[in-house]
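Undergrad: Okay, sequence plus prediction incoming.
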Amino acid sequence: MTDNELRELVASLAIAQKKTDAQLVKTDAQLAKTDAQLAEFQKKSEARFERLEKGFEDMQKGFKQLPKFKQEHPAFANHKLYGAVGSLIFPEQLEQQAAGEGLFVFIQTKDGASIVNPADFRAKEF
């Protein structure tokens with residue numbers, strides 16, 4: 001290898017290193033941005049989980065009230081009573097619990113609302 005070829009090689013390596021360094025700076029900035037987004041997502045996820053737990057508690061309170069309905073409203077004593085829950089956003093865990101309790105589950109759709117219970121679902125009569 002001649003001196004000129006060696007100089008050109010070293011020069012090209014220096015240019016490539018500058019490009020690599022610049023890319024590393026961009027990558028570090030993107031990683032910092034991603035870390036901030038993940039931290040925000042985790043914060044929102046924790047808040048959603050707290051609301052989900054609250055939703056479980058609220059549904060359980062509602063379950064306990066359904067059997068009392070006919071006692072409190074004697075005009076409906078001879079009617080069948082079924083329970084249902086609905087939400088604009090319905091976490092799958094909450095949906096499964098409600099269906100497991102024998103409640104119809106309604107969710108928002110573009111056309112209004114739909115019942116999303118599985119085909120083998122059997123509603124509980126209260």
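TA: Received the coordinates, thanks.

Undergrad: Now the phi/psi pair for the residue most central in space within the chain, please.
TA: Nearest to the geometric centre of the chain sits residue 91, at 6.5 Å (C-alpha atoms, centre = their mean). Main-chain dihedrals, residue 91, degrees, to the nearest 10: phi -60, psi 140.

Undergrad: My guess is it contacts residue 56. True?
TA: No: using C-beta atoms under 8 Å, residue 91 makes no contact with residue 56, being 9.4 Å away. No exception for glycine: its C-beta is placed from N, CA and C like everyone else's.

Undergrad: Might you report the residue contacts of the residue nearest to the centre of the chain?
TA: Neighbouring residues of residue 91 by C-beta atoms under 8 Å, 6 or more residues apart in numbering: 48, 52, 55.

Undergrad: try residue 122
TA: With the criterion set at C-beta under 8 Å, 6+ apart, residue 122 makes contact with residue 102.

Undergrad: Quick check: it vs residue 7, distance?
TA: Relative to residue 7, residue 122 is positioned 83 Å away (C-beta to C-beta, to the nearest Å).

Undergrad: And what about the closest residue to residue 88 other than its chain neighbours, helix, strand or coil?
TA: Using C-beta to C-beta, 6 or more residues apart in numbering and skipping the chain neighbours, the partner closest in space to residue 88 is residue 108 (4.7 Å). Assigned with DSSP: H, G, I helix; E, B strand; the rest coil, residue 108 falls in the strand class.

Undergrad: can you check residue 70 too?
TA: Per three-state DSSP, residue 70 ends up helix.

Undergrad: How many residues are close by it?
TA: Neighbour count for residue 70, taken as other C-beta atoms under 10 Å: 15.

Undergrad: before we move on, back to that, can you tell me which residues contact the residue nearest to residue 88?
TA: Under the criterion of C-beta under 8 Å, 6+ apart, the neighbours of residue 108 are 86-89.

Undergrad: So which of those residues sit within strands?
TA: Assignment to strands by DSSP state E places the following of those there: 86-87.
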